[in-house]
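Enquirer: How does the following fold in three dimensions:
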Amino acid sequence: RATQLVSHLPLTINRCNIQNAGAKYGCEFWDALIERVKQFHKLNYLYITNTDVSGEVVGQNAGVRLAEIISINTTIKDLAVWNTDLIRADNEKLWRDALMKNY
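Expert: Sure thing, here's the model as predicted:
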């Protein structure tokens, strides 16, 4: 149900806050969220907190995909990603490059 909800969020929302959405929702949830972030037209606020995707490798891979989307999304001005496995030592450079691209 959470995946369906994320997949049907209006494309014109300007704020998205994901909290405590751990592995219980599965990879499909994160794939849907990342795809939706790519499609949002007016998103300027994205917070993802207190969230572990699904273990070190899966979370890191989801983080890589999210960073790539953020690097091309020019509407996001306020971003917080903390206490999560989306950003790890192995993908930190990709995140830094994605954020600098959009700075």
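
Enquirer: so residue 59 sits right up against residue 85, yeah?
Expert: Yes - applying CB atoms under 8 Å as the test, residue 59 and residue 85 come out as touching, 3.1 Å apart. All C-beta atoms are positioned from the backbone trio N, CA, C, and that covers glycine.

Enquirer: From residue 61, how far out is the closest residue to residue 44 other than its chain neighbours?
Expert: Leaving aside its chain neighbours, residue 44 sits nearest to residue 77 (4.7 Å; criterion: CB to CB, 6 or more residues apart in numbering). Distance from residue 77 to residue 61, counting by CB to CB, to the nearest Å: 26 Å.

Enquirer: again with residue 71
Expert: 16 Å.

Enquirer: Which residues are in contact with residue 25?
Expert: By CB atoms under 8 Å, 6 or more residues apart in numbering, residue 25 lies in contact with 2-3.
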